[in-house]
Every structure is written in structure tokens, then in C-alpha cells.
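[1] take a look and give me a structure for this.
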Amino acid sequence: MKMIDPSDIALYCNTNEALIKGPVRAIVAELPGLGGGSCLGGSLDFGDYVNVYTEDLAKEGIIAAYMFPGPWSWMNRAAVNYCDAVLDAIYEKYGLTDKTPLAVCGGSMGGLGALIFSADSRHKVTACAAACPCCDAPEAFRTLPQFRRTLLSAVSDRGCAPETALKLISPVHRIDELPDIPYRIVCDGADELFPAEGLRAFSNALKRKRRDVVFVELPGLGHGGFTSEERDEFHKFIKNHCLI
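    The predicted structure follows:
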């Protein structure tokens with residue numbers, strides 16, 4: 001039995017498939033924030049993923065898939081396997097190959113998810129866009145009591161000390177494993193959860209690894225803030241890397 005049958009994709013993610021009229025040429029996989037936050041307007045409620053951004057992607061034959069890997073998943077092993085299974089079903093349904101462009105994106109927990117999925121997925125990721133991502137899970141566990149139960153839930157199956165397990169879902173501790181692809185890292189200048197200096201340091205570390213990194217800081221905005229201009233640029237980055 002297949003993990004996910006191609007005819008059942010809508011049970012596992014919301015997509016813009018209904019808007020695509022021609023052949024599928026690329027995929028955008030969006031990972032949700034804690035509790036279902038979305039950079040481009042996705043929802044964990046069942047239904048077509050339809051808005052101005054997904055309509056624009058559909059015109060280019062790009063499937064946007066807003067994943068449902070679990071509200072506290074923090075891109076743990078189960079979440080990686082889940083998202084890979086959803087992608088397997090999409091690839092099979094449309095006859096896609098490993099050469100098909102695949103961009104991943106997300107904000108906050110979804111930003112961490114996009115980065116970790118880029119490293120751990122068995123699919124080849126073409127580009128990654130992360131908005132206000134959690135880059136240091138052990139630091140978040142120590143300093144943000146409201147996240148502790150969710151982070152511990154995500155790694156409790158690892159069978160090792162929490163500090164060690166949290167590093168496995170922590171981009172800053174996995175930086176050597178992040179693939180050589182383009183990245184767009186968006187930082188909220190007044191982020192009260194994941195401070196700007198940490199994201200600057202992470203982006204600079206990626207650059208020292210000779211990664212292609214666009215770092216954007218939005219002055220004065222708190223966690224999850226997005227100007228309309230940056231949301232458009234975030235979308236353009238994803239779209240353009242699907243049209244290669």
C-alpha cells in the first residue's frame with residue numbers, strides 16, 4: 001500500500017491544483033508555522049489553496065502545496081517523512097522527475113522547517129525561503145518557555161539528551177548540511193521571539209559557506225511581520241527559482 005495515493009493528495013495538503021490548466025512544471029512546498037501560520041496565506045482547514053500568490057504560480061504551471069505535517073512538528077523525522085510522502089504522490093500524479101524544480105518556504109516554525117527539510121528531504125530542493133525562522137532550537141528551548149512543550153514533543157523519540165536532539169532540528173547546528181542552493185532569509189528587526197542578531201549571524205555563516213543568500217531585515221517589525229512589498233518579493237523569489 002502506498003503511503004499516500006495520488007488521488008488523495010487533498011487529504012494531506014491544500015493545493016492550487018484546480019487552478020492549473022496546463023502541464024505541471026514545478027512545485028512550491030510551504031511548511032506551516034506553529035499552529036498553522038503561513039507566509040503566503042495558507043490555511044490548515046481543508047480546501048483549495050487559492051489567493052493572488054497561488055493563482056500567479058498556477059499560471060506558470062507551479063503547484064503550491066501547503067503541508068499538514070502536524071502543529072508541533074518542528075520538521076522532526078516524522079514531518080520530513082510526511083512531506084516527502086506528499087511530494088511522492090504529487091510527483092507520481094503528474095509524472096514529475098528529480099529534475100522538476102522544488103522550492104520550499106515557510107515562516108517561524110515553518111522557516112525552520114523549510115531549512116531543515118532542504119537538508120533532510122530525499123527530494124532535491126531548488127531554493128529555500130525562510131521568514132523569521134527559528135534557527136537555534138536549543139536556544140529557543142532555554143529562553144522561550146511557551147515553546148518548550150512543543151519542541152520537546154518534536155524530538156522526544158530521539159532517545160538522546162534534549163539538548164542533543166534539539167540540535168538535529170536546528171539550522172544553525174546543521175549549517176554544514178544545508179545544500180548549496182539559493183536562500184532568502186527574512187528577519188523582523190524587532191522580533192521578540194527570534195532576535196535579529198541571531199538571524200544575521202546565521203545568514204553570515206551561510207554566506208561563509210559560499211551559499212547564495214539574500215538577507216532581508218524589516219526594521220521595527222515584531223515576529224511574523226511582513227510588509228506587502230516583502231511578501232511580494234518573497235513570492236517572486238520562490239516563483240523565479242521554479243522557472244529555471
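[2] what about Cys105, which SS state?
    The three-state assignment at Cys105 reads strand, by DSSP: H, G, I helix; E, B strand; the rest coil.
[3] tell me, what residue is most central in the protein?
    The centroid of the chain falls nearest to Ala114 when counting by Cα atoms, centre = their mean (2.7 Å).
[4] CA-only coordinates of the helix or strand where that residue lies, as PDB, when you get a sec.
    For Ala114, the element it lies in under DSSP states H and E is helix 109-120. The C-alpha coordinates for helix 109-120 follow below in PDB (Å, rounded to 0.1, in the frame of the first residue of the first chain):
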ATOM      1  CA  MET A 109       8.500  27.200  12.800                       C
ATOM      2  CA  GLY A 110       7.800  26.900   9.000                       C
ATOM      3  CA  GLY A 111      11.000  28.800   8.300                       C
ATOM      4  CA  LEU A 112      13.000  26.300  10.400                       C
ATOM      5  CA  GLY A 113      11.000  23.600   8.600                       C
ATOM      6  CA  ALA A 114      12.000  24.900   5.200                       C
ATOM      7  CA  LEU A 115      15.700  25.000   6.100                       C
ATOM      8  CA  ILE A 116      15.700  21.600   7.800                       C
ATOM      9  CA  PHE A 117      13.600  20.000   5.000                       C
ATOM     10  CA  SER A 118      16.100  21.300   2.400                       C
ATOM     11  CA  ALA A 119      18.800  19.300   4.200                       C
ATOM     12  CA  ASP A 120      16.800  16.100   5.100                       C
END
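[5] check which helices and strands the helix or strand just after that helix is in contact with.
    Once the chain leaves helix 109-120, the next helix or strand it forms, by DSSP H and E, is strand 127-131. Applying 3 or more Cβ pairs under 8 Å, 6 or more residues apart in numbering; DSSP states H and E, one finds that strand 127-131 contacts strand 102-107, helix 109-120, strand 183-188, helix 228-240. Every C-beta, even on glycine, is put in place using the N, C-alpha and C of the backbone.
[6] let me have these in JSON lines, extended by distance to Arg158 and mean pLDDT.
    Output for the helices and strands packed on strand 127-131, formatted as JSON lines (distance: least, Cβ to Cβ, whole Å; pLDDT from 0 to 100):
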{"stretch": "strand 102-107", "distance to Arg158": "22", "mean pLDDT": "98"}
{"stretch": "helix 109-120", "distance to Arg158": "14", "mean pLDDT": "98"}
{"stretch": "strand 183-188", "distance to Arg158": "26", "mean pLDDT": "98"}
{"stretch": "helix 228-240", "distance to Arg158": "31", "mean pLDDT": "97"}
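[7] understood, closing this out.
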